Structure formats: C-alpha cells, structure tokens
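> generate coordinates for the sequence data below:
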Amino acid sequence: MRTRTLVLMCCITLAAISAYAQNADEGYQPATVVAFARNASDAQHMETSGGYKISMRLANIIYNCRTGGPASAFIDWSPGKEFPARVNGKVLQVKNPDGQVLELTITGKKTPK
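Modelled structure (predicted):
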C-alpha cells in the first residue's frame, strides 16, 4: 500500500512540474516581423550605426523598434516570420528559435487601419 501511495505522489509531482514548465512562456504571444533593416554605418552618428530597425506586429499593434547585437542573433529574421514576444514597458522582448531573449527598444507604435 505504501508503494502505491509513493508512486501516486511521484506522478502528481511530475505532473505539477510539467504544468509549471509549460507556463514558462507566460505572457508571450506570436509576433510577426513586418519590416527588418540593418542601419548603415555612420561615422558622424555612431550611436545609431550598426544596429537594426525592426517593425513587429503583436496582436493588432505594429511596434517600431531599434536594437543592436550580433548578426548571428538575427540570421533567421525576415518579414513574415513569427516569434514569441511580449511588451515589457518600453521594451519588446522577443524569443529567438534558440531560446535567447532579445530586447528591442520600442521607438513608436501604431494601429493599422
């Protein structure tokens, strides 16, 4: 009888752990890349050179963003691609296929007509 109770408790614990792990993506929704462009290098304005301009549609809002980072993080990015994303204040957090979370600074947003 004790063995059955122990096995039952282990199964319940594993089910709870599995449910908790599935909620790790809480708050993320599918976002579609609308536009993606790399900023040109500019010797006069170094703060804007080498980054990326990205527009993403999340729900019914298009977020215009800027970010920097290695090119390897943006290899699969192109218009029409979907990534899990969420808004956190003035930052759009996007998960890459490898699980890395990229933070895009929101510079503007608009609702399409």
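
> which intervals of this protein have sub-threshold pLDDT?
Per-residue confidence of the chain (counting by pLDDT under 70) places the weak regions at 6-25, 41-50.

> ok, now which ones touch the residue most central in space within it?
Ranked by distance to the mean C-alpha position of the chain (C-alpha atoms, centre = their mean), the top residue is residue 94 at 1.3 Å. Contacts for residue 94 (C-beta atoms under 8 Å, 6 or more residues apart in numbering) come out as 31, 56, 83, 84, 85, 101, 102, 103, 104. Quick note: C-beta positions are derived from backbone N, CA and C, even for glycine.

> pretty sure it sits in a helix.
No. Remark: residue 94 does not belong to a helix; assigned using DSSP: H, G, I helix; E, B strand; the rest coil, it is strand.

> how far away is it from residue 68?
For residue 94, the distance to residue 68 (C-beta to C-beta, to the nearest Å) stands at 14 Å.
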